[in-house]
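**Q** Have a look at this prediction, sequence included:
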Amino acid sequence: DQQVKQNSPSLSVQEGRISILNCDYTNSMFDYFLWYKKYPAEGPTFLISISSIKDKNEDGRFTVFLNKSAKHLSLHIVPSQPGDSAVYFCAAQGNTGFQKLVFGTGTRLLVSP
Amino acid sequence: NAGVMQNPRHLVRRRGQEARLRCSPMKGHSHVYWYRQLPEEGLKFMVYLQKENIIDESGMPKERFSAEFPKEGPSILRIQQVVRGDSAAYFCASSPTGGQRAFFGQGTRLTVV
């Protein structure tokens, strides 16, 4: 049962344009969401997160939006750069005690010059 | 301050052999997590350990897999009698406390031939 879903396996964007990566979740107990970026042969690197009490969090070129009623979040990258080309994982976490990260299957972003 | 160190980076084992994967957390981190990424999938939680204790092993297969985090030395993920289905990337992450964001290592890519 895939509790965190990234339905687009890949996305291609031109340099300078906006990249929008989507993520849906099914478990209403999730209350903290994270985006990780992963280059080939490396471990995931934390990018940005959002708590369920917010609907937006911004950090430089990266903004995460959360729509709790739709159980949907998205990552916006503006402007996109070739160095942003990587696999992006959405992850979710619950709110009681230790809660493991539940990852989506990832979206491969390719930003072309 | 070195990051999370995993070794070996690549490990090849024949079916039936044992695989031992090591993880040295970041300095000052006493919480370690192991995740597994099968081909074309997201990362899946396996086990959460503190020094000398297993806190949550709900993601560990019931047989052949074990993990430890001794008082001295790295955390070890041990897979006995490996099978082809164990081929995956195994990632370790660490954090200073259980509730904080974890930092990932570069992973060990296990190939069972």
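**A** Here it is on my side, so go on.
**Q** ok, is the helix or strand bottoming out on mean pLDDT in chain A in contact with chain B or not?
**A** In chain A, the helix or strand scored least confidently by mean pLDDT, DSSP states H and E is strand A:102-103, which has a mean of 91. Yes: part of strand A:102-103 sits near chain B under the criterion C-beta under 8 Å from any C-beta of the partner chain, namely A:V102, A:F103. Using the backbone N, CA and C atoms, a C-beta is placed for each residue, glycine as well.
**Q** From the chain's centroid, how far away is that strand?
**A** 11 Å (C-alpha atoms, centre = their mean, to the nearest Å).
**Q** do the same with stretch A:29-39
**A** For stretch A:29-39, the separation from the chain centroid amounts to 6 Å (computed by C-alpha atoms, centre = their mean).
**Q** Contact residues of chain A facing chain B?
**A** Proximity of chain A to chain B is confined to A:4, A:6, A:34, A:36, A:41-46, A:49, A:89, A:91, A:98, A:100-106 under the rule C-beta under 8 Å from any C-beta.
**Q** Can you turn the buried subset of those into a selection I can paste into PyMOL?
**A** Entered in PyMOL, the line below selects the buried ones among the residues of chain A next to chain B, by 16 or more other C-beta atoms under 10 Å in any protein chain shown:
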select buried, chain A and resi 4+6+34+36+43+44+49+89+91+100+101+102+103+104+105+106
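**Q** Validate this expectation: B:G85 resides in a helix.
**A** Yes: assessed by DSSP: H, G, I helix; E, B strand; the rest coil, B:G85 belongs to a helix.
**Q** And for it, nearest residue in space, chain neighbours not counted?
**A** Distance criterion C-beta to C-beta, 6 or more residues apart in numbering or on different chains; nearest residue to B:G85, sequence neighbours excluded, is B:V112 at 7.9 Å.
**Q** What about the one you found, how many residues nearby?
**A** Using other C-beta atoms under 10 Å in any protein chain shown, the number of residues around B:V112 comes to 19.
**Q** what does A:L47 give?
**A** Per other C-beta under 10 Å, the neighbour tally for A:L47 reads 18.
**Q** hang on, isn't it packed against A:K37?
**A** Yes: under the criterion of C-beta atoms under 8 Å, A:L47 makes contact with A:K37 at 5.0 Å.
**Q** so what sits against both of these two?
**A** Here A:L47 and A:K37 share the contacting residues A:Y88, scored by C-beta atoms under 8 Å, 6 or more residues apart in numbering or on different chains.
**Q** ok, B:L38 to A:F33 distance?
**A** Computed as C-beta to C-beta, to the nearest Å, the B:L38 to A:F33 distance reads 23 Å.
**Q** err, A:A86, not the other one
**A** Computed as C-beta to C-beta, the A:A86 to A:F33 distance reads 18 Å.
**Q** do the same with B:R22
**A** B:R22 sits 31 Å away from A:F33, going by C-beta to C-beta.
**Q** out of these two, which sits in the busier spot?
**A** Set B:R22 next to A:F33 and count neighbours by other C-beta under 10 Å: A:F33 wins out with 24 against 16.
**Q** isn't that one right up against A:A91?
**A** Yes: shown here, A:F33 and A:A91 form a contact pair, counting by C-beta under 8 Å, at 7.0 Å.
**Q** what's near enough to touch the residue positioned nearest the centre of chain B?
**A** With distances taken as C-alpha atoms, centre = their mean, the residue of chain B nearest its centroid is B:W34 (3.9 Å). Neighbouring residues of B:W34 by C-beta under 8 Å, 6+ apart: B:C23, B:F45, B:M46, B:V47, B:L49, B:A67, B:S75, B:L77, B:Y90, B:F91, B:C92, B:A93.
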